[in-house]
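Novice: Any chance you could fold what I've pasted below:
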Amino acid sequence: MDSVLIVDDEKNYLLILSTVLREEGYDTLTANSGAEALEVLEKSDVDLVVTDMKMPAMDGIALLEKIKAKDPDLPVIMMTAHGTVEKAVEAMQKGAYNYILKPFENERLVLYVSKACALYRMVKENRRLRHAVETRYRFDNIIGKSPAMREVFATIEKVAPTAATVLIEGESGTGKELVAKSIHFNSPRRNRPFVAVNCSALAESLLESELFGHEKGAFTGAVSMKKGRFELADGGSLFLDEIGELSANLQVKLLRVLQERTLERVGGVHPVPVDIRVIAATNKDLHAEMQAGRFREDLYFRLNVLHLALPPLRKRSEDIRPLVEHFIEKYTAERKSGDPVTEVDSEVYRLFYEYSWPGNVRELENTIERAVILCPGSVIRVSDLPPQFRTHLSARLPIDSIPPDAKLAETLAKVEELMIVRALEMSGNVQAHAARLLGIGKSGLNQKIKKYKLDVRSKR
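Specialist: I've put the predicted structure just below:
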């Protein structure tokens, strides 16, 4: 229910307006002065203020200014007599939503109130969504504790406050767009648009119009002027994904925009200024592409002002467990039936650590989403995984690599030592996790660490 604060020094007006709006389904609060109105606003959530213009001590204009200083988006409707229309115009210039002349028809007031409250509901929803987005893309919401990812976080933190162009390189599924959004939403441009375009998803002719826009009549089907992604991102950030797929022609046009900060729409002759930050990403080695003559050298150096290299998942195995736990929490919330998933079998983790993850974090997320859906109980087991993991489980041990004259006790001890070292590496040297991977107790693992005189950096 929308809440309306009515402010007037005439008590009869407060009573009448409060009754009218309550009958229309609004929750009403009243104040007999500007000072009292400010006290109400401090204590209550209000969606609209309807205030008289002429009041003693603090008039409507002064109250409006104080309201806007506290919440610039809170709508205010001014009630005014015919002799103070000029004041009402001044109020509009200072941010009032609307004004209404006394005496007025109740229907007109209700209409104004309805529109103002609808507008403020939309403003609050936009605030909520923006807060959710900014929360999601905080640095600490990107999952990873490996040294490689800690280095990425440190770079993002340094890069975000600047206006410099950023080039993000990494295999598909490593989270390049997530990093790009984190840079944007932690930058001074956070309240401006973040616009993304995949350079490999459209044909060259369509991509040019998509990026730079077009004028009416520029080509068949161009029935009206259309702004491109550069203009839509004005004041904010433009994320160019798969930048390595740009044609030579578009590379030239992109370079010109980056150099001159102006563009020409397709079919246009007038330059259009743009204020954007470009964040580019590619799953290719762009330096190698440049050396091979497939990517312009001048554009490469224009894009590569600040460089971020995202490591593949197979090179940061310490991050697998926290990523698994994160995705389980995410998709268990969407699980419609059965017990919540609370555990992952140690054999599953062993397979995850040995798997090469060609699809990286995206593949891991899809695997966990599938497992949460198919899992009949609260524990994800090997049977809940895609076929490639079960095939890997049945692979034969490389017995041929062991010398025929190897002694059994020595060989088993060496295998045991290697397995312990691997488990500690995979678990980030967290002994409780390593013990679960090996299927032994923590005290037993500690004894074997001492037996093999292993150097363990962290004993938790």
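
Novice: any chance you could map the helices in the stretch 51-200 of the chain?
Specialist: 60-70, 85-93, 106-136, 147-159, 176-185 (DSSP state H, counting those that start in this stretch).

Novice: Same list (the ones you listed) but as JSON lines, adding mean neighbour count.
Specialist: Where you see a C-beta, it was placed from the backbone N, CA and C, and this is true even at glycine. JSON lines is the format used below for these (neighbours: other Cβ atoms under 10 Å):
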{"stretch": "helix 60-70", "mean neighbour count": "17"}
{"stretch": "helix 85-93", "mean neighbour count": "16"}
{"stretch": "helix 106-136", "mean neighbour count": "14"}
{"stretch": "helix 147-159", "mean neighbour count": "16"}
{"stretch": "helix 176-185", "mean neighbour count": "23"}
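
Novice: To K448, which of these lies closest?
Specialist: helix 147-159 (25.4 Å; Cβ to Cβ).

Novice: So what touches the closest one?
Specialist: 139, 142, 144, 166, 179, 182-183, 186, 306, 308, 310-311, 315-316, 319 (Cβ atoms under 8 Å, 6 or more residues apart in numbering).

Novice: again, but for stretch 58-72
Specialist: 7, 33-35, 37-38, 41, 49, 51-55, 74, 76, 78-80, 87, 90-91, 94-96.

Novice: Can you spell out the domain ranges of this structure, please?
Specialist: With domains defined by automatic domain parsing, the chain comprises 3-132, 140-311, 314-393, 401-451.

Novice: Pass me the low-pLDDT residue ranges in the stretch 101-250 of the chain, would you?
Specialist: 129-141 (pLDDT under 70).

Novice: One more pass at 50, please.
Specialist: The stretch 101-250 of the chain contains no residues with pLDDT under 50.

Novice: again with the stretch 301-450 of the chain
Specialist: For the stretch 301-450 of the chain, residues meeting the criterion pLDDT under 50 lie at 394-396.

Novice: Could you pull out the helices in it for me?
Specialist: Remark: helices assigned in the stretch 301-450 of the chain by DSSP H, counting those that start in this stretch are 320-332, 346-354, 360-374, 387-393, 408-426, 431-438, 442-451.

Novice: Of the contacts of stretch 58-72, which count as buried by neighbour count?
Specialist: Burial by neighbour count, judged by 16 or more other Cβ atoms under 10 Å, picks out 7, 33-34, 37-38, 41, 49, 51-55, 74, 76, 78-80, 87, 90-91, 96 from the contacts of stretch 58-72.

Novice: quick one: which of the residues you listed sit in strands?
Specialist: V7, V49, T51, D52, V76, M78, M79, T80 (DSSP state E).

Novice: Tabulate the residues you listed in JSON lines, adding columns for distance to E24.
Specialist: Below are those laid out as JSON lines (distance: Cβ to Cβ, whole Å):
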{"residue": "V7", "distance to E24": "18"}
{"residue": "V49", "distance to E24": "17"}
{"residue": "T51", "distance to E24": "18"}
{"residue": "D52", "distance to E24": "20"}
{"residue": "V76", "distance to E24": "19"}
{"residue": "M78", "distance to E24": "20"}
{"residue": "M79", "distance to E24": "17"}
{"residue": "T80", "distance to E24": "22"}
